[in-house]
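# Pasting a predicted model and its sequence here:
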Amino acid sequence: MFRQLSVWLPNKPGMLKKFLDILIENNIELRAITVAENEEYGILLLLVDKPDECMKILDELDYPVSETMVLAVKLKSDNNAIGLQEISKIMGENNINIDYLYNTLVRDESLIILKVDNNERAIELLKEDGFILEEREEI
């Protein structure tokens with residue numbers, strides 16, 4: 001499992017650049033990111049190489065930030081739709097809800113980042129079905 005950081009930024013031009021400047025200035029590498037928004041705020045969901053350090057810096061700079069445990073799953077197929085279909089089937093048949101997901105490329109491998117409502121059971125089921133889960137913090 002991975003520690004995903006959720007950061008809320010005002011939904012205004014230049015805020016993402018300012019945030020990324022902070023990561024770069026502190027030598028924090030971005031491993032995965034997705035952005036969603038509403039009228040007032042954007043929420044960044046990200047994986048970084050140094051989550052403790054990143055959380056500390058963001059707290060010191062008064063950025064609203066929280067942490068969530070997520071799974072990083074390697075797809076068994078080169079076709080993302082087929083891989084996601086397999087994962088969705090396993091989760092659905094076992095009454096595990098996928099709260100959200102996003103895709104990232106690491107070392108030329110497609111990884112699906114999953115937020116589910118039962119991490120331990122999801123890990124067990126995915127491994128039983130032959131999926132490989134990344135377990136190292138330094139993806």
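Arrived safely.
# any idea how far the nearest residue to residue 63 once chain neighbours are set aside lies from residue 124?
With CB to CB, 6 or more residues apart in numbering as the measure, residue 7 is the residue that lies nearest to residue 63, at 5.7 Å, once sequence neighbours are left out. Heads up, the C-betas are built off the backbone N, CA and C, glycines and all. Residue 7 is 31 Å from residue 124, where distance means CB to CB, to the nearest Å.
# For the two, work out which one has more neighbours and name it.
It is residue 7, of residue 7 and residue 124, that has more neighbours when counted by other CB atoms under 10 Å, with 20 against 12.
# In the protein, spot the helix with the most residues.
Using DSSP state H to assign secondary structure, the helix with the most residues in the chain is helix 80-93.
# Which positions in it come out as buried?
Going by neighbour count (16 or more other CB atoms under 10 Å), the buried part of helix 80-93 is 83-84, 86-87, 90-91.
# among these, which one has the lowest pLDDT?
For these, the least confidently modelled position is residue 83, at 87, judged by pLDDT.
# Surely that residue touches residue 75?
Yes. In this structure, residue 83 is within contact of residue 75 by CB atoms under 8 Å, at 3.2 Å.
# hmm, back to that, wait, the residue nearest to residue 63 touches residue 44, no?
Yes. Contact criterion CB under 8 Å: residue 7 and residue 44 qualify, at 4.5 Å.
# wait, residue 45 sits on residue 37?
No. With contact defined as CB under 8 Å, residue 45 does not reach residue 37; the gap is 11.9 Å.
# would you turn the buried residues of helix 80-93 into TSV with distance to residue 11?
As requested, these are arranged in TSV below (distance: CB to CB, whole Å):
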residue	distance to residue 11
83	32
84	28
86	35
87	31
90	35
91	31
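# My guess is residue 40 contacts residue 9. True?
No. Under the contact definition of CB under 8 Å, residue 40 does not touch residue 9, with a separation of 10.1 Å.
# The two: which is more packed in?
A count of neighbours by other CB under 10 Å puts residue 9 above the other of residue 40 and residue 9, at 17 against 9.
# For the more buried one, which residues are in contact?
Residue 9 is in contact with 15-16, 19, 41-44, 63, counting by CB atoms under 8 Å, 6 or more residues apart in numbering.
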